[in-house]
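Asks: Fold the stuff below for me.
(one chain, ligands or ions: 2)
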Amino acid sequence: MEFQTFNIPNLGTQRPMVIAGPCSAETEEQTLTTARQLAQNGIKIFRAGIWKPRTKPGGFEGIGVEGLQWLRRVKNETGMYVATEVATAKHVYEALKYGIDVLWIGARTTANPFAVQEIADALRGVDIPILIKNPVNPDIELWIGAIERIYNAGLHQLAAVHRGFSSYDKKVYRNQPQWHIPIELHRRLPNLPIFCDPSHIGGKRELIAPLSQQAMDLQFDGLIIESHCAPDNAWSDKAQQLSPEVLDVILRKLVLREMKQTTEDLVDLRREIDSIDNELLELLAKRMRISSEIGTYKKEHGIAVLQTGRYNEILEKRIANGERLGMSREFMRTFLEAIHEESVRVQVELMNK
Ligand code: PEP
Ligand code: MN
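Replies: Ligands and ions are numbered 1, 2, ... in the order given. Alright, predicted model coming up:
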């Protein structure tokens with residue numbers, strides 16, 4: 001696939017390209033107020049959801065077609081380009097009718113090849129930028145498949161959006177970043193621009209700045225960030241939206257390091273390793289925390305720290321599992337012993353507190 005750069009004059013060539021705007025268009029007033037403030041701060045592409053896929057029924061599911069007129073007003077008054085999410089052929093027709101410049105396919109839609117194909121068919125013959133968010137599940141083939149479906153319909157101004165992946169554990173992130181997946185996407189499709197959506201990864205305001213910086217350090221091309229004129233009153237995703245002023249401060253503070261690319265492939269593979277190591281560390285830390293909880297329980301109930309039966313069982317099962325995954329017995333043993341030793345040390349320390 002040979003991707004084309006966005007046909008958006010005045011966008012400039014500087015990294016990052018920034019798309020900003022509220023999670024949802026709620027009222028004409030909220031949409032226009034937010035848009036004017038963003039335009040004043042130099043934002044060139046405005047986002048707002050009109051049809052909102054919500055996890056549970058009963059919430060605000062988007063204003064619908066009415067909001068498209070507001071986006072058209074944003075475009076006419078501020079000169080910004082406007083973007084919205086489409087999930088069905090009908091959404092595509094309506095959005096095109098109102099002159100929406102950029103469309104994005106949401107994470108839940110990317111996960112469904114029928115829906116993506118329906119959108120691709122509705123777009124045939126149109127040549128506008130399309131952003132394809134990663135599917136909710138960490139499946140890079142499904143993501144690439146969606147990109148191929150749109151590409152095969154003749155749309156070549158494409159970009160991917162990394163918005164993180166669903167998981168049961170939402171302690172830190174709303175959606176796990178799993179950075180190695182977009183990095184692998186870049187290795188597979190080197191000329192496809194990639195945006196990061198720190199709003200939906202983080203799920204909370206404080207995480208937008210560090211996640212955006214991380215995306216810049218990983219050489220992402222753009223950012224799509226939720227911004228609302230009164231974030232605390234937003235009808236959807238309020239914890240993660242920023243006021244246009246705060247967004248401006250964050251964007252100004254981003255540090256853009258130009259990395260020397262020696263051999264492109266090696267750089268990407270190293271980034272994948274870095275990302276996987278970070279995840280390993282987070283998992284290891286989580287294991288240690290749980291081990292401390294067990295330690296506390298043992299102390300309260302007078303149970304000995306070292307349970308030889310349990311330890312042997314862990315060793316045997318894990319070593320066999322590791323071998324099945326292509327790792328040597330010796331390595332598995334050294335690795336597990338090191339972890340177990342540290343666990344025991346932590347529990348003994350707790351015992352003696
Ligand atoms: C959104 O951009 O508001 C949205 C619904 O995103 P996602 O598809 O990433 O959940
Ligand atoms: Mn949102």
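Asks: what sits against the closest residue to ligand 2 within the stretch 101-250 of the chain?
Replies: When scored by Cβ to the ion, the stretch 101-250 of the chain has Asp237 as its residue closest to ligand 2, at 3.8 Å. The way it works is simple: take the backbone N, C-alpha and C, and place the C-beta from them, glycine included. Applying Cβ atoms under 8 Å, 6 or more residues apart in numbering, we find Asp237 in contact with Cys23, Ser24, Ser199, His200, Glu226.
Asks: Next one: the second one relative to Val86, how far apart?
Replies: In other words, Ser24. 14 Å (Cβ to Cβ, to the nearest Å).
Asks: Is the residue of the chain positioned farthest from its centre in a helix, a strand, or coil?
Replies: Centroid-distance maximum for the chain: Gly302 at 45.1 Å, with Cα atoms, centre = their mean. Taken by DSSP: H, G, I helix; E, B strand; the rest coil, the conformation at Gly302 corresponds to coil.
Asks: With Arg318 instead?
Replies: Using three-state DSSP, the three-state assignment for Arg318 comes out as helix.
Asks: Make sure Ile225 is indeed in a strand.
Replies: Yes: looking at Ile225 with three-state DSSP, it is inside a strand.
Asks: Please settle this for me: is Pro53 part of a helix?
Replies: No: note on Pro53: no helix contains this position according to three-state DSSP, which reports coil.
Asks: Setting the sequence-adjacent residues aside, check what's closest to the residue in the chain that ligand 1 sits nearest to.
Replies: For the chain, the residue closest to ligand 1 is Gly106, as judged by Cβ to the nearest ligand atom, at 3.0 Å. Counting by Cβ to Cβ, 6 or more residues apart in numbering, Glu85 is the residue found nearest to Gly106 once chain neighbours are left out, at 5.0 Å.
Asks: quick one: which helix or strand includes the closest residue to ligand 2 within the stretch 251-353 of the chain?
Replies: Proximity to ligand 2, evaluated over the stretch 251-353 of the chain using Cβ to the ion, is greatest for Leu251 at 18.8 Å. Assigned by DSSP states H and E, Leu251 falls within helix 244-253.
Asks: For this protein, which residues are neighbours of ligand 1?
Replies: Within reach of ligand 1 by Cβ under 6 Å from any ligand atom, the chain has these residues: Cys23, Gly49, Pro53, Gly106, Ala107, Lys133, Arg163, His200.
Asks: I figured the fourth one hits Trp51, correct?
Replies: No: under the contact definition of Cβ atoms under 8 Å, Gly106 does not touch Trp51, with a separation of 9.1 Å.
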